[in-house]
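Asks: Below are the sequence and a predicted model for it; my questions follow.
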Amino acid sequence: MQTMVRTEVAINGQSFFLAQDQDVDALRRSVEAAISSSGRFVHFTVVGNREVSVLVSPRTEVVISVETVQFDPRDTGGDDEPWGGLFDM
């Protein structure tokens, strides 16, 4: 079975699974910069190749976790080819 790494970002309890091409370190820096200011929108692409923008402020709780899952060839990160969501097993 072929596998891939899937990154989950939970923002105030709402979970988002990042698309494969997302730079997690850059996302961490964006979140830290938003929290250091009075708040900013942070943008990222999720599984399904959909763009998400979240207003992150000093009171926002952000949790980033990583797991290994079954490979899904649709999860390219290209927002020009959106699809429904998580892989149907």
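Replies: Thanks, I have the structure now.

Asks: hey, where'd the helices end up in this structure?
Replies: 24-36 (DSSP state H).

Asks: Residue nearest the middle of it, spatially speaking?
Replies: Per Cα atoms, centre = their mean, the C-alpha nearest to the average position across the chain is that of residue 18, at 2.9 Å.

Asks: Just give the nearest non-adjacent residue to that residue, would you?
Replies: Closest residue in space to residue 18, ignoring its immediate chain neighbours: residue 7 at 4.4 Å, by Cβ to Cβ, 6 or more residues apart in numbering. Just so you know, the C-beta spots here come from the backbone N, C-alpha and C atoms, and that holds for glycine as well.

Asks: One more: residue 40?
Replies: residue 34 (4.0 Å).

Asks: check contacts around that neighbour.
Replies: Going by Cβ atoms under 8 Å, 6 or more residues apart in numbering, residue 34 touches 40, 41, 42, 56, 57, 60.

Asks: one more time with 7 Å
Replies: Shown in contact with residue 34 (Cβ atoms under 7 Å, 6 or more residues apart in numbering): 40, 42, 56.

Asks: Please name the residues that touch residue 58.
Replies: Counted by Cβ under 7 Å, 6+ apart, residue 58 has contacts residue 35.

Asks: can you give me phi and psi for it?
Replies: Dihedral pair for residue 58: phi -60, psi -20, per degrees, to the nearest 10.

Asks: phi, psi of residue 60?
Replies: Here residue 60 shows phi and psi, under degrees, to the nearest 10, equal to phi -80, psi 130.

Asks: so what pLDDT did the residue nearest to residue 38 when sequence neighbours are not counted get?
Replies: Spatial nearest neighbour of residue 38, chain neighbours left out: residue 57 (6.9 Å); criterion: Cβ to Cβ, 6+ apart. The score at residue 57 is 97. That number is its pLDDT.

Asks: count of neighbours near residue 57?
Replies: 11 (other Cβ atoms under 10 Å).

Asks: likewise the one 5 residues further on?
Replies: Using other Cβ under 10 Å, residue 62 has 17 other residues around it.
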